[in-house]
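*Asks:* Please work out how this folds:
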Amino acid sequence: MKSFISTNIIIYSFCFVLFSCQKRTPDAPPIERDALIEMIVDALIIEPALRELPRMRQDSIRSLAYEQVFKAKGYTLAEFTSSMQWLQRDPLRLVDIYKEVMVELDRKDALISSKVTKEKENKNE
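*Replies:* Below is the predicted model of the structure:
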C-alpha cells in the first residue's frame with residue numbers, strides 16, 4: 001500500500017511539473033490583424049531606405065524607425081514579435097496575412113505612381 005501511494009505521488013508530481021512548465025499558446029496574437037498588416041507593410045517600406053544609410057548608423061536608426069511604427073499603432077516590439085511568432089505556428093494564416101500585405105503594398109505603389117504622374121503633368125503645363 002505504501003508503494004502504491006509513493007508511486008501515485010511521483011506520477012502526480014511528474015504530471016504537475018510537466019503541465020505547469022508547458023508554455024501556453026495564446027488563442028490570438030496580441031496585435032489585431034489589420035494593425036499587424038499595416039505594421040508589416042510599414043516595415044517592408046522602411047527596410048530598403050534603411051539599407052541606404054551608412055552601416056554605422058543603420059541599427060540605431062532602424063530601432064528608432066520601428067519604435068515609431070509600433071508606437072503610432074499603439075503596440076510594442078515585444079507584442080509585434082509575439083504576434084509574428086504566433087503566426088509562424090500557423091503557416092496558412094501567415095500566407096494569408098502576407099497576401100494582404102502584398103495587396104496593400106500594390107495599392108500604395110499605385111497611389112504613389114499616380115501622384116508622381118500628376119506632378120509631372122502639372123510641371124509640363
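
*Asks:* okay, and the helix or strand of the protein with the least pLDDT?
*Replies:* None of the helices or strands of the chain scores lower by mean pLDDT, DSSP states H and E than helix 2-21, at a mean of 51.

*Asks:* could you point out which element follows that one?
*Replies:* Downstream of helix 2-21, the next assigned helix or strand under DSSP states H and E is helix 33-51.

*Asks:* Pull out the buried residues from that following helix.
*Replies:* Within helix 33-51, the residues that qualify as buried are 35, 36, 37, 38, 39, 40, 41, 42, 43, 46, counting by 16 or more other C-beta atoms under 10 Å. Any C-beta I mention is one placed from the backbone N, CA and C, and that applies to glycine too.

*Asks:* what does stretch 101-121 give?
*Replies:* Those would be 101, 104, for stretch 101-121 by 16+ other C-beta under 10 Å.

*Asks:* which outside residues touch that stretch?
*Replies:* 37, 38, 40, 41, 44, 45 (C-beta atoms under 8 Å, 6 or more residues apart in numbering).

*Asks:* Reformat those residues as CSV; add distance to residue 83.
*Replies:* Formatted as CSV, the contacts of stretch 101-121 follow (distance: C-beta to C-beta, whole Å):
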residue, distance to residue 83
37, 11
38, 12
40, 10
41, 14
44, 16
45, 19
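
*Asks:* Could you list the low-pLDDT ranges of the chain?
*Replies:* 1-26 (pLDDT under 70).

*Asks:* quick check: angle from the biggest helix by length in it to helix 33-51?
*Replies:* The longest helix of the chain (DSSP state H) is helix 91-124. Angle, helix 91-124 to helix 33-51, by axes from the mean of the first three to the mean of the last three C-alpha atoms, to 10 degrees: 60 degrees.

*Asks:* Work out the gap between helix 91-124 and the centre of the chain.
*Replies:* Helix 91-124 sits 20 Å away from the centroid of its parent chain (C-alpha atoms, centre = their mean, to the nearest Å).
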